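>>> I would like to see how this sequence folds:
(one chain, ligands or ions: 1)
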Amino acid sequence: MYAGPLRSLVDELGRLPGIGPKSAQRIAFYLLRVPTEDALRLADAIVSMKEQVTTCTKCFNVAEGDLCSFCTDPRRDTSVLCVVEDPRDIVAVEKTQEFRGRYHVLQGALNPIEGIGPEQLRVKELLTRIGEGEVNEVILCTNPNLEGEATAMYLARLLKPLGVKVTRIASGLPVGGDLEYADELTLGRALEGRREVDA
Ligand SMILES: [Zn+2]
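Just a heads-up that it's a prediction; the model follows:
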């Protein structure tokens with residue numbers, strides 16, 4: 001259909017989430033038309049991101065270097081930990097401006113069908129952090145869907161015996177949805193209205 005390089009670009013773009021074959025073709029032809037430096041800026045951004053963005057060794061958020069900006073910020077409250085599934089959820093929580101503590105990214109949610117158990121998530125690391133004794137409250141801020149709720153319940157049972165206050169964001173978020181798509185007002189209210197979990 002197309003010459004080799006154009007075809008491989010269409011193929012690569014088509015592998016991206018949410019990009020179908022038609023969009024892949026449109027983007028490839030767009031990049032073919034734009035000045036070389038504009039197209040290279042995109043290529044450079046991808047290379048730099050892959051070379052420089054790491055995972056925070058403490059909370060598993062995205063970072064540049066060993067620790068992320070939240071873990072190194074002395075103004076963030078170390079006694080409250082907000083547990084999320086994904087670094088994108090941190091962005092959603094930050095937008096609410098309701099939270100000044102620190103985070104812990106699980107890197108997913110429990111999903112037995114897909115073979116994701118506690119060992120596949122950063123649960124052990126969460127327990128280690130709580131064991132250090134600085135955390136008083138853990139806010140379970142996993143998605144308001146089946147997997148997120150199951151993960152929250154699992155963690156609540158695990159954490160309560162450790163003597164920390166365990167809270168869950170209030171309902172009111174669209175059920176089955178993703179935190180990252182919740183508007184900041186709704187998520188802010190859900191955070192504010194969090195309740196202690198009975199487990
Ligand atoms: Zn961090």
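>>> in this protein, which helix has the most residues?
helix 36-52 (DSSP state H).
>>> Mind listing residues that contact the helix or strand just after it?
Downstream of helix 36-52, the first helix or strand assigned by DSSP states H and E is strand 53-55. The set of residues external to strand 53-55 that reach it, using C-beta atoms under 8 Å, 6 or more residues apart in numbering, is 61-66. Yep, even glycine has a C-beta here, placed from its N, CA and C like the rest.
>>> and if we set it to 6 Å?
The contact list for strand 53-55, computed with C-beta atoms under 6 Å, 6 or more residues apart in numbering, reads 62-63.
>>> Mind listing the strands that strand pairs with, and their directions?
The sheet places strand 53-55 alongside strand 62-64 (antiparallel), with pairing taken from DSSP bridges.
>>> so does the strand it pairs with get close to the ion?
No. Legend: contact between strand 62-64 and the ion by C-beta under 5 Å from the ion is lacking; minimum distance shown is 6.1 Å.
>>> so how far is the longest helix of the chain from its chain's centroid?
Relative to its chain's centre, helix 36-52 lies at 23 Å (C-alpha atoms, centre = their mean, to the nearest Å).
>>> now that helix: mean pLDDT?
What helix 36-52 shows for mean pLDDT is 96.
>>> What is that helix packed up against?
Contact here means 3 or more C-beta pairs under 6 Å, 6 or more residues apart in numbering; DSSP states H and E; on that basis helix 36-52 packs against no helix or strand.
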